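> Please find the sequence and the predicted model below.
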2 protein chains.
Amino acid sequence: MADDRAVRGQPLTAQVVAVGDELLLGSIVNGNAALLGRELTAMGLRVTRAVAVGDDIAAIRDAVADAAGAADVVVVTGGLGPTSDDVTRDALAALLGTSLRRDPRTLERLAQWYADRGRPLVETAKRQADVPDGATQLENMRGTAPGLRVELGLTRIFALPGVPHELGEMLHRQVLPELSTGGVILLRVLHTAVAGEAAVAARLGPVEDALPAGVQLGYLASPGQVQVRLLCSAADPGAAESILRRVAERIRALLGSVFVGVDDDDLGQVVHRVLRERAETVAVAESLTGGLVGAELTSRPGASDHFRGGVLAYATDVKAGSLDVDPALLAAEGAVHPEVAAQMARGVARRLGSTYGVATTGVAGPDPQDGRAVGEVHLAVSGPAGTVVSSPKLTGDRHQIRRLAVVHAVDVLRRVLLDLPGYDDGELL
Amino acid sequence: MADDRAVRGQPLTAQVVAVGDELLLGSIVNGNAALLGRELTAMGLRVTRAVAVGDDIAAIRDAVADAAGAADVVVVTGGLGPTSDDVTRDALAALLGTSLRRDPRTLERLAQWYADRGRPLVETAKRQADVPDGATQLENMRGTAPGLRVELGLTRIFALPGVPHELGEMLHRQVLPELSTGGVILLRVLHTAVAGEAAVAARLGPVEDALPAGVQLGYLASPGQVQVRLLCSAADPGAAESILRRVAERIRALLGSVFVGVDDDDLGQVVHRVLRERAETVAVAESLTGGLVGAELTSRPGASDHFRGGVLAYATDVKAGSLDVDPALLAAEGAVHPEVAAQMARGVARRLGSTYGVATTGVAGPDPQDGRAVGEVHLAVSGPAGTVVSSPKLTGDRHQIRRLAVVHAVDVLRRVLLDLPGYDDGELL
């Protein structure tokens, strides 16, 4: 069935089964399901369901059986480790109706791995060498537990570790290469900044009403950043690419200055790239964001080419002492003020010798400060052409306001770098 | 069935159905499933499965039907919004075999909401007022789309918005209050820092071998921080509490100084609390972490009581100019050196007038720097009793190394604050 579909150019379907009590208890978000969704989609598969189940043999067996009944490919992640609650091996044996045998070569490799680290190979850890009859092992280059590959009817089942970097490595090297298909699904992501989902969607009504066949449009909102996502199914990459290019151009024109970039070019990447291309530098002066703007601007390799450093001026006197903000201004207006932000930006650029200075001040909450309401935020960017200040009213809890302030601050920098106008409030609703 | 179970003290079971193409495409992690897992577990329910499906009427209908067949309570999240891909309402109508009617009062409320914001109520947005026959509406205090409540056989189904803060509010006010049960499940989380999962598990072997009835033990590892999770089912909170207290005490003794705290007392919270209690202050001097240590230390309300600020000394000359690191040392050894970290910590504490200085320097990668390998990291904490330097070798990609460096740096501060010894390498394997 699987191969026939590929020949006919229909996408293979895939389902994900993530194993672990912590997923159901909510102690951890299911990042592995997202990783698998991205990778399988990029490979041209259509992911139709992702299930999380606990560390329970029957629950895992049933979930894998359901998934195998509905999809061409099932990827199971988690439950292969050394501890007693790792029971994915047992569940696969139960599914196949076979028993587990202990693979002597794997056992030898495990003994060596633990010996190299001066640790005993305890009995429960030896279970990592167990293989259900009818399954084959997938080598784990980054950890101790091998993966497993099983065929059930026409469905291929891959059981991979739950440790993300082990999962990613095994997926790329041993799973994806055998899943290439005839048709393609291309995903194009258009990034926006500082506009709300409704505002973006309202502008794109004309596009939504006239989407070409095979194209789906969706929105994904995170604080301050809405992605417009286009998914295109077509017979070949060239056809998909040409359809997507046309739609994306239209969207770009409708979005105006809140449009940031395509695919990898999100807000942070655009700023990173432009600074790099121009060999210009930036420094930050942060109050309410406490280091988050610096963390964002240094998150990409090569940041040291353009990020000089910064001053976290959390206490008010640090704004005067380390950034030369006018003490009289601080005394008269408090720390949450547009002119304070402007002086912070200029102060850090002067002190650290950077082309641009980016500053944040405001009230993250939960309580008001200096008589200013929670969500009052002032962001400034100084540069060769002067200083730009933006003073949005942000909403949400402390965490959200800090995150939004970072997006707004980096977006002011983007607008200054690209010589774009500031937004007006109508763009942001 | 549901009520009988509660009377007999058996936990109600719950399943989660999260709706949205973006979950399957992997553009977003399923944070709502984690939120629901935590909240439902805390309420005494046992979450047995979490499913993600796309924006597709049949897929949602089937997933909700499966969940309703297997659990007492089903919480659906997502697909209730104003855009055309929001089809959870239609799926519930299909499940009930009924049709949708448009609720006039909701329509009026929507018209008002959009009018207040100067925006038109477009046709697709009116669908938020649609209710399947047989369902009741749940008021949304924070957004436009009401939730829905449906009974199918003995199972209660709640459909809630996918916007996290709307979901949380409706869950607390309208769902959880009707789900109280007879028996209880208590979760206790024991936080550790800088030890690996295997090292923690190896120490806890004796506890795992002799767990009291009704207690489950699991591990949850994130970079540099392993949680030991105890789940206890008992007839009443007092019994569960007393069992958990005994097991937790034992674990604490076995873990030694890598033990950090219980439940809310994770690494960041412990440091926050201790600084606050003592009215002492801290400042940071960050190189490879680029602001992440500051962001962590300011993430909690009240941080301004003890966080003075900091210097992001990313460029090497900033370490000399803004932190008084000896230029001869930088010239001889480069920026990645234990003594540079020590001088950075002392420099920032002196300049900003804080009790403690916390410094990070090292190589986050992907490329080596100044002849130092990726993962070489030096962390220093200066304080009234002198300066402590820790130089772990960290592994992972750029993002992981930066995250691990933050955990290690904050943990050195914890050890200094609590007068604990540094760890030896044997604790960390």
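Happy to help now that I have it. Numbering: from 1, shown residues only, chains lettered A, B, ... in the order given.
> Can you tell me the SS state at A:Gly79?
In terms of secondary structure, A:Gly79 is coil; the call rests on DSSP: H, G, I helix; E, B strand; the rest coil.
> tell me the contacts of the closest residue to it other than its chain neighbours?
In space, A:Gly79 comes closest to A:Thr88 once its chain neighbours are excluded; the distance is 3.2 Å by CB to CB, 6 or more residues apart in numbering or on different chains. Yep, even glycine has a C-beta here, placed from its N, CA and C like the rest. If you count contacts by CB atoms under 8 Å, 6 or more residues apart in numbering or on different chains, A:Thr88 has them with A:19, A:60, A:76, A:78-80, A:148, A:159.
> Mind pulling the model confidence for A:Thr88?
Reported pLDDT at A:Thr88 in the predicted model: 97.
> From B:Thr144, how far off is it?
Distance, A:Thr88 to B:Thr144, by CB to CB, to the nearest Å: 42 Å.
> List, one by one, the residues from the stretch 251-400 of chain A near chain B.
A:284, A:286, A:289-295, A:297-299, A:301, A:303-304, A:307-315, A:318, A:321-322, A:351-352, A:365-367, A:396-399 (CB under 8 Å from any CB of the partner chain).
> Now with 7 Å, please.
With CB under 7 Å from any CB of the partner chain as the criterion, the stretch 251-400 of chain A meets chain B at residues A:284, A:290-295, A:298, A:301, A:304, A:307-315, A:318, A:352, A:366, A:398.
> Which ones among those residues map onto strands?
A:284, A:307-313 (DSSP state E).
> quick one: which of the residues you listed is most hemmed in?
When neighbours are counted by other CB atoms under 10 Å in any protein chain shown, A:Val284 leads these with 37 neighbours.
> Pretty sure it sits against A:Arg308.
No: taking CB atoms under 7 Å as the definition, A:Val284 is not a contact partner of A:Arg308, at 8.9 Å.
> Including pLDDT, could the ones in strands among the residues of the stretch 251-400 of chain A next to chain B go into a markdown table?
Shown next, in a markdown table, are these (pLDDT from 0 to 100):
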| residue | pLDDT |
| --- | --- |
| A:Val284 | 98 |
| A:Phe307 | 98 |
| A:Arg308 | 97 |
| A:Gly309 | 98 |
| A:Gly310 | 98 |
| A:Val311 | 98 |
| A:Leu312 | 98 |
| A:Ala313 | 97 |
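> from these, which is closest to B:Thr106?
Distance ranking of these against B:Thr106, using CB to CB, places A:Val284 first at 45.7 Å.
> Skipping adjacent residues, who's closest to that closest one in space?
Per CB to CB, 6+ apart, closest to A:Val284 is A:Gly310, 3.6 Å.
> List the residues that contact the one you found.
Neighbouring residues of A:Gly310 by CB atoms under 7 Å, 6 or more residues apart in numbering or on different chains: A:283-286, A:294, A:348, B:291, B:312.
> is it in a bridge, and if so with what?
A:Gly310 forms beta bridges with A:Val284, B:Leu312, as assigned by DSSP bridges.
> can you check A:Ser390 too?
Here A:Ser390, judged by DSSP bridges, has bridge partners A:Leu379.
> tally of neighbours for it?
Neighbours of A:Ser390 using other CB under 10 Å come to 19.
> Likewise for A:Arg49?
24.
> So it sits against B:Val51, correct?
Yes: the pair A:Arg49 / B:Val51 is scored as a contact, 6.4 Å apart, by CB under 7 Å.
> Tell me where the model's unsure across the stretch 1-150 of chain A.
Applying pLDDT under 70 to the stretch 1-150 of chain A flags residues A:1-10.
> Enumerate the residues of the stretch 101-250 of chain A near chain B.
Going by CB under 7 Å from any CB, the residues of the stretch 101-250 of chain A near chain B are A:117, A:119, A:187, A:201, A:208, A:218-220, A:227, A:229.
> need the strands for the stretch 301-429 of chain A, in chain order.
Remark: strands assigned in the stretch 301-429 of chain A by DSSP state E, counting those that start in this stretch are A:307-313, A:356-362, A:377-383, A:386-390.
> Not counting the second one itself, show me its contacts.
With CB under 7 Å, 6+ apart as the contact definition, strand A:356-362 has outside contacts at A:280, A:282-289, A:293, A:335-336, A:340-341, A:344-346, A:348-349, A:376-383, A:405, A:409, A:413, A:416.
> buried subset of these?
A:280, A:282-289, A:293, A:335-336, A:340-341, A:344-346, A:348-349, A:376-383, A:405, A:409, A:413, A:416 (16 or more other CB atoms under 10 Å in any protein chain shown).
> Tell me how far the residue lying closest to A:Ala349 once chain neighbours are set aside lies from chain B.
Using CB to CB, 6+ apart and skipping the chain neighbours, the partner closest in space to A:Ala349 is A:Gly357 (3.2 Å). Distance, A:Gly357 to chain B, by CB to the nearest CB, to the nearest Å: 13 Å.
> Can you read off the pLDDT for A:Gly357?
Model confidence at A:Gly357, expressed as pLDDT, equals 98.
> Count residues in the vicinity of A:Ile60, would you?
Using other CB under 10 Å, A:Ile60 has 27 other residues around it.
> My read is that it contacts A:Ala91, right?
Yes: taking contacts as CB under 7 Å, A:Ile60 lies within contact range of A:Ala91: 3.6 Å.
> Can you name the residues that contact A:Gly143?
Counted by CB under 7 Å, 6+ apart, A:Gly143 has contacts A:161, A:163, A:166.
> same thing with A:Val325?
Neighbours of A:Val325 in contact, by CB under 7 Å, 6+ apart: A:319, A:340, A:343-344, A:347.
> quick revisit: can you tell me how far the residue nearest to A:Ala349 is from A:Leu417?
13 Å.
> Those two: which is more packed in?
Shown here are A:Gly357 and A:Leu417; by other CB under 10 Å, A:Gly357 has more neighbours (30 against 21).
> can you pull up the bridge partners for the more buried one?
Beta-bridge partners recorded for A:Gly357 (DSSP bridges): A:Ala283, A:Ser382.
> Now for the nearest residue to A:Arg246 once chain neighbours are set aside, how many residues are close by?
Ranked by CB to CB, 6+ apart and with sequence neighbours excluded, the top spatial neighbour of A:Arg246 is A:Pro212, at 7.5 Å. Using other CB under 10 Å, A:Pro212 has 11 neighbouring residues.
> A:Pro212 in helix, strand or coil?
Applying three-state DSSP: A:Pro212 is coil.
> Show the pLDDT at it.
pLDDT, A:Pro212: 91.
> Over to A:Thr181?
Here the pLDDT value assigned to A:Thr181 is 56.
> ok, which stretches of the stretch 51-200 of chain A are helices?
Per DSSP state H, counting those that start in this stretch, the stretch 51-200 of chain A carries helices over the ranges A:57-70, A:88-96, A:104-116, A:123-126, A:164-170, A:197-203.
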